[in-house]
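1. Here you go, sequence then predicted model.
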Amino acid sequence: MAAQVQVTMRGLQQSEALEQRIREGIDKLDALFPGVIVKCHVVAEQPHHHQHQGGQFVLRLDFSVPGKDIVVNRDHSEDIYVALRDALSAARRQLEQHARLRARKTHGRGTSREDANG
């Protein structure tokens, strides 16, 4: 993997299985978008919750990509793995959008009317 990945867990017992699943998910994104993800910081958290509040698990993905930072936040009341799945899906959509915009800018150079009339 070319991207640097940092995983932080807060309020959760350290889980090698969860960390491995996180890294596998980021690896898949990095393979789909080679050279786009520079670094990623993942925070998996189980904040102190009150009796009537949901969102027992919170997952935050911070991606550094050329020219932009992409942040995804997801929470789930019962399962951190569901929050991870949802966050990775949202990150994929945002990375796809970023890649499209970046490709449009790259391919758009040299095709303006000024260049054609020159």
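-> Here it is on my side, so go on. Numbers count the residues shown, from 1 in each chain.

2. where does this structure dip in pLDDT?
-> For the chain, residues meeting the criterion pLDDT under 70 lie at 1-2, 49-55, 107-118.

3. can you rerun that using 80?
-> Within the chain, the segments meeting pLDDT under 80 span 1-3, 48-55, 105-118.

4. could you pull out the strands for it?
-> Taking DSSP state E as the criterion, the chain contains strands spanning 4-10, 39-45, 57-65, 68-76.

5. so what does the first one touch, helix or strand wise?
-> Under the contact definition 3 or more C-beta pairs under 8 Å, 6 or more residues apart in numbering; DSSP states H and E, strand 4-10 sits against helix 16-32, strand 39-45. No exception for glycine: its C-beta is placed from N, CA and C like everyone else's.

6. so which of these comes closest to L88?
-> Across the helices and strands packed on strand 4-10, L88 has its closest neighbour in helix 16-32 (4.5 Å, C-beta to C-beta).

7. Buried residues of the longest helix seen in the chain, list them for me.
-> The longest helix of the chain (DSSP state H) is helix 80-108. The neighbour-count check on helix 80-108 (16 or more other C-beta atoms under 10 Å) flags I80, A83, L84, R85, A87, L88, A91, R92, Q94, L95, H98, R102 as buried.

8. re earlier: out of the helices and strands packed on strand 4-10, which one sits most buried?
-> Among those, strand 39-45 has the highest mean neighbour count (mean count of other C-beta atoms under 10 Å), at a mean of 19.

9. Direction-wise, compare that strand with strand 57-65 and give the angle.
-> Following axes from the mean of the first three to the mean of the last three C-alpha atoms, to 10 degrees, one obtains 170 degrees for the angle between strand 39-45 and strand 57-65.
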